[in-house]
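[1] All I have is the shape, not the residue letters:
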């Protein structure tokens, strides 16, 4: 049974309730002051507390999807094979299909009605990074009326550490995109969903680390090339956007800022604007001051010529810690770049806040992407 399955939660809850009932029933018998009775009371209390903690933890994990599997919870590595393209033409990045997930929407069993989510392994030719991702293909992708059509694509990033499953189970990006298309508020888009932690467990902050993981190159160059080679996704700058929350939001804004030739629009939900440097990141810059400045988005806006990019940033007046920095980001964006914002009255750094921001953010993204 999977970590996020309802069966595991049901078993944990049943065990917790049963132990509570047993504790109530046996407590009078264990009221004596003998060592055996004391040990019995301590054992029952510990067992009841432990099972209650497990049940509450499972509820929290199912709501926020901190961990997507038992292997993810216990930190076990799952090495993925490298896919090498032997076809004609120049070598390039590839995306190999390794499975699929049924979309949680009405008609999800029929691709032409509910779309399809495919799990792929992306092998980056330039970066040398292999990473798993989920590709959501909208229903229109499978409909005869759209045969041969090229669709705009959006890279969707989690926070750190995050799991890619968060994006369609917890944050419901495919379901939201489908609802917007049905309501006539957005165009069909391919969503490429993954976590920015492409070199786990290290948080690379989407930086090309000297002598280390070339994460920015993977996300900005390898990933779009691999998806465009595998699916009917556009390859022009106006065909691609990128969005993320928290660390993923910082990465999205940075990649959109530094790669306007590849991404027409970038959205950071609850983003910060400067690369974190802590024990989870390690030494990202190796003393390279220019690289550290480049990873500081506010510094870049102040010291580098603006490009014709579109940015969306989100915050809240109460509950988010990035309000002042977000206002500074907005103030520093200059033409030909454009900036938009979502400012909630209140909302913390959590899934509930991002679920309120994702529909208007995807609508905004759709309005700025091409496709043909």
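    Everything's here; your move. Source: prediction; values computed, not measured.
[2] Using the record's assignment, carve the protein into domains.
    For the chain, automatic domain parsing gives the domain ranges 6-64, 90-367.
[3] Take the ones you listed and lay them out in JSON lines including mean neighbour count.
    C-beta: built from backbone N, CA, C; applies to glycine. Shown next, in JSON lines, are those (neighbours: other Cβ atoms under 10 Å):
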{"stretch": "domain 6-64", "mean neighbour count": "14"}
{"stretch": "domain 90-367", "mean neighbour count": "19"}
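[4] Make TSV from the ones you listed and add mean pLDDT to it.
    Shown next, in TSV, are these (pLDDT from 0 to 100):
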stretch	mean pLDDT
domain 6-64	80
domain 90-367	93
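[5] what does stretch 195-208 contact?
    75, 77, 129, 131, 157-158, 160-164, 166, 212-219, 244, 247-248, 250-251, 254-255, 275-276, 280-282, 284-285, 291, 295 (Cβ atoms under 8 Å, 6 or more residues apart in numbering).
[6] so what's the residue nearest in space to the middle of the chain up against?
    Residue closest to the average C-alpha location in the chain (Cα atoms, centre = their mean): residue 158, at 1.9 Å. Residues in contact with residue 158 (Cβ under 8 Å, 6+ apart) are 164, 166-167, 194-196, 244-245, 247-248.
[7] In strands, which of those residues fall?
    Judged by DSSP state E, strands contain the following of the contacts of residue 158: 194, 244-245.
[8] quick one, strands of this protein?
    94-101, 116-123, 130-137, 153-157, 190-194, 240-245, 265-269, 310-316, 338-344.
[9] Generate CSV for the ones you listed, with distance to residue 52 as supplementary columns.
    Listed next are these as CSV, based on distance: least, Cβ to Cβ, whole Å:
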stretch, distance to residue 52
strand 94-101, 32
strand 116-123, 34
strand 130-137, 33
strand 153-157, 34
strand 190-194, 33
strand 240-245, 30
strand 265-269, 33
strand 310-316, 33
strand 338-344, 34
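[10] distance of the closest residue to residue 367 other than its chain neighbours from residue 145?
    Nearest non-adjacent residue to residue 367, counting by Cβ to Cβ, 6 or more residues apart in numbering: residue 186, 7.9 Å away. Here residue 186 is placed at a distance of 18 Å from residue 145 (Cβ to Cβ, to the nearest Å).
[11] Hmm, residue 311 is touching residue 342, no?
    No - if you go by Cβ atoms under 8 Å, residue 311 and residue 342 don't touch, sitting 11.9 Å apart.
[12] which one of the contacts of residue 158 is nearest residue 58?
    Among the contacts of residue 158, residue 166 lies closest to residue 58 (Cβ to Cβ), at 15.7 Å.
[13] Thanks a lot, catch you later.
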